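> Predicted model and sequence below, questions to follow.
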Amino acid sequence: MYTETEIKLPINNLEEAHQSVVKLNTRPQKERHFEDNYVLDTSDLSVRNSGCLLRVRIVSSADRESCIRTQGILTFKGTLQIQDGIRNREEIECMVDPPETFLKVFEHLGYSLKFRYQKYRSIYSIQEKQIHICIDETPIGNFFELEGPAEEIHEIAAKLGYSREQYITESYGGLFYRWCKEHGIESSNMVFE
């Protein structure tokens, strides 16, 4: 079992964000790629109502039009806790192949798609640190996602020019529903056109 410890930070300028990350002497861990995420639940939303999440992620090449699938990841996330301004929750992941088959298996077990969200993600790491710095490009804006030990999250966030008041602890689903409400749009799925 693994405890996911992370925050998001808003990005105003994508090019400057990449430059800021390079200045931290990072190295690319995973080049820019496309992620298509399927959040599953029962008809009575038992997973969400328990504060958990069940997701199948399909990771593809950076060109989503070609949709060259590279891997599928099944994820369970436990109940969320916020400590020191940082999200903490149990996370269990495993590789699934082909992921479309797992979606069908879950459908037969009574789980259906409740929310779909997409993003492009670039992942960076720093030698001798455990933190991962992700740059996420989403249909509702761009975000840093910092995942790792709390002290490293605080350190890297500060080096990127952010204060703790700017930490975002919402999921992409939560951010999307809030964005839709602010823009007077009926919410459905956070996908690129």
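Okay, I see it. Numbering: from 1, shown residues only.

> And the residue in the chain sticking out farthest from the centre, how far from residue 119?
Going by CA atoms, centre = their mean, the residue of the chain most distant from its centre is residue 108, 26.3 Å out. For residue 108, the distance to residue 119 equals 28 Å [CB to CB, to the nearest Å]. C-beta here means a position set from N, CA and C on the backbone, and glycine is covered the same way.

> mind listing what the residue nearest the centre of the chain touches?
For the chain, residue 172 is the residue whose C-alpha lies nearest the centre (CA atoms, centre = their mean; 6.6 Å). Residues in contact with residue 172 (CB atoms under 8 Å, 6 or more residues apart in numbering) are 37, 117, 119, 138, 190.

> which residues of this protein score low on pLDDT?
1, 62-69 (pLDDT under 70).

> mind listing the helices for it?
14-22, 46-49, 99-108, 150-159, 172-182 (DSSP state H).

> So which of the contacts of residue 172 are in strands?
37, 117, 119, 138 (DSSP state E).

> Skipping adjacent residues, who's closest to the second one in space?
Pointing back at residue 117 there. Nearest non-adjacent residue to residue 117, counting by CB to CB, 6 or more residues apart in numbering: residue 190, 3.9 Å away.

> so that neighbour touches residue 138, yeah?
Yes - between residue 190 and residue 138 there is a contact under CB atoms under 8 Å: 6.6 Å.

> Overlap in contacts, those two.
By CB under 8 Å, 6+ apart, the residues touching both residue 190 and residue 138 are 117, 118, 172.
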